[in-house]
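**Student:** Need a 3D model of the sequence below.
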Amino acid sequence: NRYASQALFIANGHKANGSTEHQYKELAALFDLLDARLEAAEPITKARLARRLVGVGGTFYATSGGDGGPGQMGYVTPGSADLMAAAALEYLKEPAHQADLALMKAGLEGASNVPNKLLTEFLVNLSFKGPEELRQLAASAISDPRVVSLQAVPEQVEPQLAQVLRGAMDPPRRPQVSDPILDLWAKVNWVIPKTLEQQRNFFNLLVPRFDRYTSADHIKAMQDPSARADAEKQMSANWYLADRLGQVLEQNPDLHQEVVVSEYFPPSFKTPLEERYWLRSVGWILTFKRPDASKLQASRTSGPSTVSVQTDKVQAQKPDLLLSIKDRALQLFLDQIRPTVDPRTRAIAIRMAGQPALRNNPEVLRALTSALEYVKDNDLREVIENVLKQGNEKFMPDLIATLKEEKHRTVEFAANGEPQLAKAQIDDILYFRDLVLPEMTRQKRTDQQSCIGCHGVKGRVPSMEMKAPDQYGYISVSDLIINYRILQGRVNLADLERSKILRKPLNIQDGKEDGHQGGRRYGPADEGYLILKRWVDNQPTVQRPAGSTSASLSSARVDIAVGEADLPRPTRVLAVPGRSP
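**Tutor:** Okay, the predicted model is just below:
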């Protein structure tokens, strides 16, 4: 009966596709009927119905996704989410269930990924304050952490931080005590205060100070076993906090505030713990854009700063402060590749090197080349070699060979058979490599899914199957060009606004066009969507057949076999790749 019910509830299977042409619209009537029955039933009947609905919800809870697969219960159907949330809350609040961890775990599986605000708030509270054995499961059951808003104020953060610190000192309990809070902090919607003083009060808590550091050699040399054990315990906690709090700051864009960049990013690094914490944020700091100065000034107060740098004064003395900070961020990254650095920190830096803001920088490429002399781990060496392949010295010859074999209609060839591209065409390919493909690989904050997460899986979306980069962002030139041509084929050159690449991510649908099985990925004003749109807007120019492009491309043609020096070189500090195709 459970499986039969599950099959009925997921009819048409597309949880994320909110099509008004849903072919099983009768499900909405079923959900309304069940919801009314649940609300009006006597306690015994209500408890039984809630148990059955939660049982159905838990059957395939682990496979829930936004990919048009099994999904979970067709939650896109009107009324379904509210019904399942009501059933889950009824079940989870039952005193007899709360006294039994096994029953609560089953209830959390049934509540998993139900998009409902009341249920989400219950799960968040359970992940913070519930039994330790349930906190991690409760946190993972939350459908959309963005539904949750946490006020970035000390009274909200201090009790949760105390729990994080308590778990950090007890490694076996970290998954139950600390990790659920840190996972949510990395995803939730932080309501950042408007005034600078209030922001400082918040970030004084969130940004740790690692003033005390004891090296492994120093600990080993301690004669007192008790003192040695205490030092090992404290340093284990500190390394854990440097890693996990660093991930929170890196992953949550709400925390990417100017006050963090200008006041909290250290002018110098006193300990390896401090370096480890800030290393993960190098990528977003390099691409950080200062908000409108007039708006920023209006939000500031005249209260005293609790940190060492007075932003207003420094900016008045040195207008290019942000560039100086970015330069320090790049230097931090370069320093972490040196042979004397903790191997764990160096491994993090090497795995970061595939980010566009880093892999296009000549200094990074030189540092990685040198690292090949002393890095022995085969996996890390492969990451380095793949990043180096994307530097111009190796990328351009591979691009030549790929285009020569492909013989695409838009590519002009010299008499000797070598491809010749207009510089605008090269820039378009590089824009696709450095902006479009990374955007399609970026996980959406709400569901941790990316475009490539579906389209890059063989057989999942046969109508548009792409080549996926590896976990560090590397993709071969031949696969890159395959993806480039696939998406060019989704551009309607006669009517750009009706291009599938622009309509599908918005989940636009009508009687003649299906929706997007991955649901709505963007709003029209989202930065990620604008990256796609800028690329699409350029396609009528770069997709002209060879021989007809010279008049429309303002750049002269480039013999890319020998003209690499003509390509734009990145400056030392590389912000968001700014090529306008």
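
**Student:** Do you know the pLDDT at the residue nearest in space to the middle of the chain?
**Tutor:** Taking C-alpha atoms, centre = their mean, the centroid of the chain lies closest to Gln443, which sits 4.4 Å from it. Gln443 carries a pLDDT value of 79.

**Student:** Equivalent analysis for Ala141, please.
**Tutor:** For Ala141, the predicted pLDDT is 83.

**Student:** And for His455?
**Tutor:** With respect to pLDDT, His455 scores 89.

**Student:** since we're on it, how many residues are nearby?
**Tutor:** When neighbours are defined as other C-beta atoms under 10 Å, His455 has 21 of them. Placement of C-beta: from N, CA and C, glycine included.

**Student:** how far away is it from Thr77?
**Tutor:** 25 Å (C-beta to C-beta, to the nearest Å).

**Student:** Give me the distance from the longest helix along the chain to the chain's centre.
**Tutor:** The longest helix of the chain (DSSP state H) is helix 225-251. Mean-position distance between helix 225-251 and its chain equals 24 Å (C-alpha atoms, centre = their mean, to the nearest Å).

**Student:** And the next helix or strand past whichever helix or strand Leu330 is part of?
**Tutor:** Under the criterion of DSSP states H and E, Leu330 resides in helix 321-335. Downstream of helix 321-335, the first helix or strand assigned by DSSP H and E is helix 343-352.

**Student:** Okay, buried residues for the helix holding Leu330 please.
**Tutor:** For helix 321-335, the neighbour count (16 or more other C-beta atoms under 10 Å) marks 321-322, 325-326, 328-330, 332-335 as buried.

**Student:** And stretch 242-257, by the same measure?
**Tutor:** Across stretch 242-257, burial judged by 16+ other C-beta under 10 Å covers 242-252, 254-257.

**Student:** Pick out whichever of those sits closest to Lys500.
**Tutor:** Gln251 (30.3 Å; C-beta to C-beta).

**Student:** mind listing what the residue nearest to Leu437 when sequence neighbours are not counted touches?
**Tutor:** Nearest residue to Leu437 in three dimensions, chain neighbours excluded: Asn483, at 6.4 Å (C-beta to C-beta, 6 or more residues apart in numbering). Going by C-beta atoms under 8 Å, 6 or more residues apart in numbering, Asn483 touches 432, 437, 466-467, 475.

**Student:** So Gly547 belongs to a helix, correct?
**Tutor:** No - using DSSP: H, G, I helix; E, B strand; the rest coil, the assignment for Gly547 is coil, not a helix.

**Student:** Quick check: Phe265 vs Trp284, distance?
**Tutor:** Phe265 is 11 Å from Trp284, by C-beta to C-beta.

**Student:** Only alpha carbons, please: show stretch 393-413 as PDB.
**Tutor:** Only the C-alpha atoms of stretch 393-413 are listed here, as PDB (Å, rounded to 0.1, in the frame of the first residue of the first chain):
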ATOM      1  CA  GLU A 393      50.000  28.600 -23.500                       C
ATOM      2  CA  LYS A 394      48.300  25.200 -23.400                       C
ATOM      3  CA  PHE A 395      44.700  26.200 -24.000                       C
ATOM      4  CA  MET A 396      45.200  27.900 -27.300                       C
ATOM      5  CA  PRO A 397      47.000  25.000 -29.100                       C
ATOM      6  CA  ASP A 398      44.300  22.600 -27.800                       C
ATOM      7  CA  LEU A 399      41.600  25.000 -29.100                       C
ATOM      8  CA  ILE A 400      43.300  25.200 -32.500                       C
ATOM      9  CA  ALA A 401      43.400  21.400 -32.700                       C
ATOM     10  CA  THR A 402      39.800  21.100 -31.700                       C
ATOM     11  CA  LEU A 403      38.500  23.700 -34.100                       C
ATOM     12  CA  LYS A 404      40.600  22.200 -36.900                       C
ATOM     13  CA  GLU A 405      39.000  18.800 -36.400                       C
ATOM     14  CA  GLU A 406      35.500  20.200 -35.900                       C
ATOM     15  CA  LYS A 407      35.400  22.400 -39.100                       C
ATOM     16  CA  HIS A 408      32.400  24.400 -37.900                       C
ATOM     17  CA  ARG A 409      30.600  26.600 -40.400                       C
ATOM     18  CA  THR A 410      31.400  29.700 -38.400                       C
ATOM     19  CA  VAL A 411      35.200  29.200 -38.400                       C
ATOM     20  CA  GLU A 412      37.300  30.600 -41.200                       C
ATOM     21  CA  PHE A 413      40.400  28.600 -42.300                       C
END
